[in-house]
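In: Got a predicted structure plus its sequence, pasted below:
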Amino acid sequence: MPTYRPGPVSLVIAALVALFLLMPLIAVVPVSLTPSRMLAMPNGELSLRHYRSLIEDPRWLQSILLSIRIGIASSVLSTVLALCFSLGVWMFQPRFTATLVGFVLLPMVVPPVVSAVTLYFLLTSISGISSFFGYDTWLGVAMAHSVMTVPFATVLILVSLSQLDRRIDLAARGLGAGVWERATRVIMPNIKFGIITAALLSFVLSWEEIGVTLFITSVNAITLPRLMWMGLRDNIDPAIAALSVILIIITVLVLAARSFFVRLRAGH
Amino acid sequence: MRGVLSDRMGAALLMAPLLLFLGLAYAWPFLGVVKWSFTLPSPGLGQYEALLTDDLVQSVFIRTLRIAAIVTVVSVVAAYAITVVWVRGSPAQRLIAEFCILVPFWISVLTRAFGWVALLSNRGLINTWLQSIGFISEPLALVRNEFGVIVGMTHFLVPFAVFPLASAMRSLDDRVLLAARGLGSSRMRTFWTVFVPMTRSGIIGSAMIVFVFSLGFFVTPAILGGGRSVMIAELIYLRIFQSPDWGLGAAISVVLVLFVGALMALLFRYVRPKQLI
């Protein structure tokens, strides 16, 4: 328990920062209820037409389904790759571990726009070979998203492995378990929370991804953020406000549930 | 299977898929981009020469550095203020601060940029309200300029600036603060001469993270700058998709990576990675 508490000056400044952080999230609510077809504040009357257009316009539903499909595919790929890699690092502690981990973390530290140009180069090169897999295809986007999310998944799994007691693995080994048994029956059950978190984070990062997606899609693989981007750049469509309100509510609910469960676990 | 797999083999088999994947899908195409920068439209150093002479590229570079510097200072100061409450406030204050930090953190960059458009645009919340109370007759230009870009980027980056600061503040020994107070130092003086200097590693770490992030920022400047206040990342996009000048876009990317790499190397010389997070 800290004994040194923030004084009134700190509290006032912090409250202003908090207001600044929440303001744009609150501002989308009135815009989403405007009866106007353009971005405007509601003028006396409220309307749900922009929420209705989210359901009625098939483009929104299509892009949501596409984003879910890409999110699941890239989350599975990046979690499996990150898990195998991290198990290799933890179980065998090979030489040059630091260099190899550093290499894996590159897509996380390189400016996203450079990764985007790089993945654009990759997918346009693949497009020359196959039209099924490459620029502006859902498989290409899923692969590109995996490149971007795999460093985060690796960090999470390595962190949960670092909290694991090595002696349980040594015991399994001493009792005659092979590499496969040690990995699947001893280590993985003990880090399952880390693996699930890694998969969820990969999905969320892919679901939100826009920087790279802009470079590697044009007309076919329109993910939800890509569709939002199109509606933001040209004439601003208030349906985006309605969608934003829904996404904000989901985020708040998930965070509230998480903090509730964390408190519950800590309580017992 | 026991004993068949030597340690070295096992490690290689487990680590190979990811290394191969990133080698083929990331390292190899990056080298391709480097090749573009030397070969398109004609082989040689022409693109790098253009970087040094082209007025547009130069002005975009300078604007990017200026915006990144302003955003860094504002974000770190704002993050510091809210982190103090998050780490050292009463339980209720901490809960509220955590909510205000984590909710924006998990909301997509597009939604957050859109929120600022809704607030700052000509028909947005602020202009509508100021006009309705008769304070202004013409809407203020708050967006599609550098002001809008700085506000939006600061909003995006404050939560990222919070984490290194929080870790520095958590590891601070309370007894030092009590000793300062006990020796008769005022609250203000204790804060400025003891608390702030002792969280220096967090301040450096968070400033570095924010600065590096802002250099390669794309979405927020593109939406809130409205094409008028173009930053490096948007310039790369425009060179590749609008003018098509792939060589120049690739050359700017290479320079950006080198610059960020040099900054990170500098950071790790002064701050050990463990102190950051």
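Out: Arrived safely, thanks for sending. Numbers count the residues shown, from 1 in each chain, chains lettered A, B, ... in the order given.

In: can we go C-alpha only for contacts and neighbour counts from here?
Out: Will do.

In: Helix, strand, or coil at residue A:232?
Out: With DSSP: H, G, I helix; E, B strand; the rest coil as the basis, residue A:232 sits in helix.

In: That one and residue B:223 touch, don't they?
Out: Yes - Residue A:232 is in contact with residue B:223 according to C-alpha atoms under 8 Å; the separation is 7.3 Å.

In: and the two? which has more neighbours close in?
Out: Neighbours per residue (other C-alpha atoms under 10 Å in any protein chain shown) separate residue A:232 from residue B:223, with residue B:223 holding more: 22 against 19.

In: ok, the more buried one - contacts?
Out: Residues counted as contacts of residue B:223 (C-alpha atoms under 8 Å, 6 or more residues apart in numbering or on different chains) are A:232-233, B:113, B:144.

In: Please apply the same query to residue B:190.
Out: Taking C-alpha under 8 Å, 6+ apart as the contact definition, residue B:190 lies against B:177, B:180-181.

In: 10 Å instead, please
Out: Listed by C-alpha atoms under 10 Å, 6 or more residues apart in numbering or on different chains, the contact set of residue B:190 reads B:176-181, B:184, B:196.

In: and chain A, which of these reach it?
Out: Counting by C-alpha under 10 Å from any C-alpha of the partner chain, B:177-178, B:181 from the contacts of residue B:190 sit close to chain A.

In: of all those, which comes closest to residue B:229?
Out: Distances from those to residue B:229 were compared by C-alpha to C-alpha; the smallest belongs to residue B:177, at 44.8 Å.

In: Just after the helix or strand hosting the closest one, pick out the following helix or strand.
Out: Element membership for residue B:177 (DSSP states H and E) is helix B:174-182. Following the chain from helix B:174-182 toward its C-terminal end, the next helix or strand by DSSP H and E is helix B:187-190.

In: Identify each buried residue in that next one, please.
Out: Residues of helix B:187-190 classed as buried by neighbour count (16 or more other C-alpha atoms under 10 Å in any protein chain shown): residue B:190.

In: pLDDT (mean, whole number) over that helix?
Out: Per-region confidence: helix B:187-190 scores 86 on mean pLDDT.

In: OK, contacts around residue B:143?
Out: When the contact criterion is C-alpha under 10 Å, 6+ apart, the partners of residue B:143 are B:116-117, B:119-122, B:149-152, B:223-226.

In: biggest separation within these, which pair?
Out: B:122 and B:150 (17.6 Å).

In: ok, back up a step: where do the contact lists of residue A:232 and residue B:223 overlap?
Out: In the contact map built from C-alpha under 10 Å, 6+ apart, the residues linked to both residue A:232 and residue B:223 are B:110, B:113-114, B:117.

In: low-scoring stretches of the chain, by residue?
Out: Picked chain A for this. Confidence mapping of chain A against pLDDT under 70 gives the ranges A:1-3, A:234, A:268.

In: hmm, I had chain B in mind actually
Out: B:1-5, B:271-277.

In: report the longest helix in it, please.
Out: helix B:55-88 (DSSP state H).

In: quick one: buried residues of that helix?
Out: Judged by neighbour count (16+ other C-alpha under 10 Å), helix B:55-88 contains these buried residues: B:57, B:60-61, B:63-65, B:67-69, B:71-72, B:74-88.

In: so which of these also contact chain A?
Out: Residues of the buried residues of helix B:55-88 in contact with chain A (C-alpha under 10 Å from any C-alpha): B:75, B:77-88.

In: and the two most separated of those?
Out: The widest separation within those, taken as C-alpha to C-alpha, falls between B:75 and B:88 and amounts to 19.6 Å.

In: got the angle between the host helix or strand of residue B:234 and helix B:55-88?
Out: If you go by DSSP H and E, residue B:234 is part of helix B:232-241. For the pair helix B:232-241 and helix B:55-88, the angle between their directions (axes from the mean of the first three to the mean of the last three C-alpha atoms, to 10 degrees) equals 140 degrees.

In: hmm, helix B:232-241 touching chain A?
Out: Yes - with C-alpha under 10 Å from any C-alpha as the criterion, chain A is reached by helix B:232-241 at B:232-234, B:236-237, B:240-241.

In: For that helix, list every residue counted as buried.
Out: Of the residues in helix B:232-241, those buried by neighbour count under the rule 16+ other C-alpha under 10 Å are B:232-240.

In: At the geometric centre of chain A, which residue sits there?
Out: Per C-alpha atoms, centre = their mean, the C-alpha nearest to the average position across chain A is that of residue A:205, at 1.6 Å.

In: about what we covered before: the more surrounded of residue B:122 and residue B:150?
Out: More neighbours sit around residue B:150 than around the other of residue B:122 and residue B:150, counting by other C-alpha under 10 Å; the figures are 24 against 19.

In: Skipping its backbone neighbours, what lies nearest that one in space?
Out: residue B:71 (6.0 Å; C-alpha to C-alpha, 6 or more residues apart in numbering or on different chains).

In: Tell me how far that neighbour lies from chain A.
Out: Relative to chain A, residue B:71 is positioned 14 Å away (criterion: C-alpha to the nearest C-alpha, to the nearest Å).

In: Would you mind confirming that that residue makes contact with residue B:209?
Out: No - no contact is recorded between residue B:71 and residue B:209 when judged using C-alpha atoms under 10 Å, the distance being 11.4 Å.

In: intersection of neighbour lists for the two?
Out: When contacts are counted by C-alpha under 10 Å, 6+ apart, residue B:71 and residue B:209 are jointly contacted by residue B:157.

In: Of the buried residues of helix B:232-241, just say which sits nearest to chain A.
Out: Distances from chain A to those, taken as C-alpha to the nearest C-alpha, are shortest for residue B:233 (5.8 Å).

In: Tell me who's in contact with the closest one.
Out: Contacts for residue B:233 (C-alpha under 10 Å, 6+ apart) come out as A:111-114, A:211, B:60-61, B:64, B:214-219, B:221-222, B:249, B:252-253, B:256.

In: now do 6 Å
Out: Remark: with contacts taken as C-alpha atoms under 6 Å, 6 or more residues apart in numbering or on different chains, residue B:233 is in contact with A:113, B:216, B:218.

In: what would those residues look like in a markdown table with secondary structure and distance to residue A:106?
Out: Putting the contacts of residue B:233 into a markdown table (DSSP: H, G, I helix; E, B strand; the rest coil; distance: C-alpha to C-alpha, whole Å) gives the following:
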| residue | secondary structure | distance to residue A:106 |
| --- | --- | --- |
| A:113 | helix | 13 |
| B:216 | coil | 14 |
| B:218 | coil | 19 |
